[in-house]
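Peer 1: only geometry, no sequence info:
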């Protein structure tokens with residue numbers, strides 16, 4: 001009875017090892033919420049079947065390099081059959097998960113040699129022993145904790161995993177080499193070919209794992225800082241471009257005011273000479289020019305009005321109805337640059353969503369209200385396809401997931417900068433963004 005119980009626990013721990021691999025994939029490449037029944041069956045078949053097979057193999061030997069390779073192949077085939085892309089990256093993630101778990105197993109086995117005698121250690125390595133369970137349990141608990149911390153604190157890394165794939169390839173190769181090396185060391189100790197001393201090997205393995213993971217973490221942090229700097233530079237370029245466009249627009253207005261004097265003189269000449277046909281024809285021509293260059297005042301805030309006119313013209317050129325419902329703003333605590341990024345990104349996203357519609361009415365509604373010291377902004381647009389949402393975040397349908405999403409991130413950054421509140425919702429085939437600043 002005890003043997004059956006121990007075997008059941010070992011099977012569970014082996015299944016947990018495979019389950020942890022899939023949890024890592026759920027954080028990176030695999031979207032759990034959108035798995036169909038067939039894909040779920042494939043995953044759980046992989047977890048159960050391979051967990052049972054590995055557990056029985058561990059009754060014979062503590063670790064088998066051949067079984068390790070077969071496990072990677074089996075899980076890799078199951079996963080690639082679901083995702084169907086990023087094959088090398090999938091293999092790298094699986095190698096990292098399985099290798100780290102196996103290295104932790106070796107680490108605890110090495111350290112346990114300090115308190116266990118030689119026959120007991122040999123029985124753990126190549127026989128059936130209940131002493132294997134604490135080692136396997138500790139390794140998987142640590143992996144579970146690490147995965148939890150990665151999900152909580154490494155969100156940016158996980159979402160942009162494709163950018164760091166080369167680094168993951170290198171780390172996975174290093175871990176496999178390290179695993180093979182310490183497997184050989186353990187075998188030689190167990191079979192008496194080298195001195196029986198697990199403490200030195202255990203501490204060296206621990207040190208190497210800490211160094212590798214620390215270097216990995218520092219390198220990833222460095223890449224993230226570079227990306228942040230690039231983003232800030234692009235933000236400054238966007239601000240400069242908006243200001244330049246504004247100045248060009250204002251200069252064009254001055255030029256048009258100057259031209260009006262000459263146009264009025266021509267009209268007066270036609271009226272004075274009684275050439276009413278030419279008068280009407282010329283008036284029609286300049287009326288079209290006035291309409292084309294109209295720069296309407298919506299709020300009284302020059303930057304915001306410029307952006308609204310610019311985006312409204314861009315939307316109407318793409319046959320998108322653009323309605324503006326605002327109150328006088330004049331001034332706000334937000335800087336001109338932050339306003340241009342905030343409103344510009346939101347309206348660009350709305351226009352892009354409308355462009356993707358195959359049929360139906362395409363529209364955008366911009367609302368802005370100011371009450372005492374509070375500012376409320378609401379942007380709604382029509383939808384063709386309901387966006388996917390995961391953990392409160394929008395999932396892109398674009399092929400390039402790396403470059404997508406920084407517009408919305410910059411919006412959230414600005415909202416947080418001014419202690420505002422940001423929310424979005426999907427209501428009756430319409431996407432709605434609400435922002436409020438209470439100070």
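Peer 2: Yes, it's here. Quick caveat, the model's predicted, so the values are computed rather than measured. Residues are numbered from 1 along each chain as shown.

Peer 1: show the low-confidence segments of the stretch 251-400 of the chain, by residue range.
Peer 2: Within the stretch 251-400 of the chain, the set of residues satisfying pLDDT under 70 comprises 251-263, 283, 285-295, 387-400.

Peer 1: show me where it has helices.
Peer 2: Listed in chain order, the helices of the stretch 251-400 of the chain (DSSP state H, counting those that start in this stretch) span 276-292, 302-317, 336-355.

Peer 1: which one of these is the most hemmed in?
Peer 2: Using mean count of other C-beta atoms under 10 Å, the stretch among the helices of the stretch 251-400 of the chain with the greatest mean number of neighbours is helix 336-355 (a mean of 20). (Glycine included, C-beta is placed from N, CA and C.)

Peer 1: what helices or strands is that one leaning on?
Peer 2: For helix 336-355, the packing partners by 3 or more C-beta pairs under 8 Å, 6 or more residues apart in numbering; DSSP states H and E come out as helix 198-273, helix 302-317, strand 363-371, strand 374-382, helix 406-417, strand 430-437.

Peer 1: please repeat the previous calculation with a cut-off of 7 Å.
Peer 2: Other helices and strands packing on helix 336-355, by 3 or more C-beta pairs under 7 Å, 6 or more residues apart in numbering; DSSP states H and E, are helix 198-273, helix 302-317, strand 363-371, strand 374-382, helix 406-417.

Peer 1: in which helix or strand does residue 57 reside?
Peer 2: Counting by DSSP states H and E, the element that carries residue 57 is helix 37-58.

Peer 1: which SSE is immediately downstream of that helix?
Peer 2: Sequence order places helix 65-83 as the next helix or strand after helix 37-58, per DSSP H and E.

Peer 1: identify all contacting residues around that next one.
Peer 2: By C-beta atoms under 7 Å, 6 or more residues apart in numbering, the residues outside helix 65-83 that reach it are 18, 21, 25, 29-30, 39, 42-43, 46, 50, 54, 57, 87, 90-91, 94-95, 98, 102, 180, 183.

Peer 1: counting neighbours, what do you get for residue 29?
Peer 2: In terms of burial, residue 29 registers 19 neighbours under the definition other C-beta atoms under 10 Å.

Peer 1: gap between it and residue 340?
Peer 2: Counting by C-beta to C-beta, to the nearest Å, the gap between residue 29 and residue 340 amounts to 35 Å.

Peer 1: residue 176 now?
Peer 2: On the measure of C-beta to C-beta, residue 176 and residue 340 end up 50 Å apart.

Peer 1: now do residue 56
Peer 2: Relative to residue 340, residue 56 is positioned 64 Å away (criterion: C-beta to C-beta).

Peer 1: one step back: quick one: contacts of the helix holding residue 57?
Peer 2: 10-11, 14-15, 18-19, 22, 64, 67, 71, 74-75, 78, 81-82, 132.

Peer 1: one more time with 8 Å
Peer 2: Among residues not part of helix 37-58, those counted as contacts by C-beta atoms under 8 Å, 6 or more residues apart in numbering are 7, 10-19, 22, 35, 64, 67, 71, 74-75, 78, 81-82, 132, 136.

Peer 1: could you list the buried residues of that helix?
Peer 2: Judged by neighbour count (16 or more other C-beta atoms under 10 Å), helix 37-58 contains these buried residues: 39, 42, 43, 46, 47, 50, 51, 53, 54, 55, 57, 58.

Peer 1: centre of the chain to stretch 24-33, how far?
Peer 2: Taking the mean of its C-alpha atoms, stretch 24-33 sits 11 Å from the chain's own mean (C-alpha atoms, centre = their mean, to the nearest Å).

Peer 1: ditto for stretch 113-126
Peer 2: When distances are taken as C-alpha atoms, centre = their mean, stretch 113-126 is centred 46 Å away from the chain's centroid.
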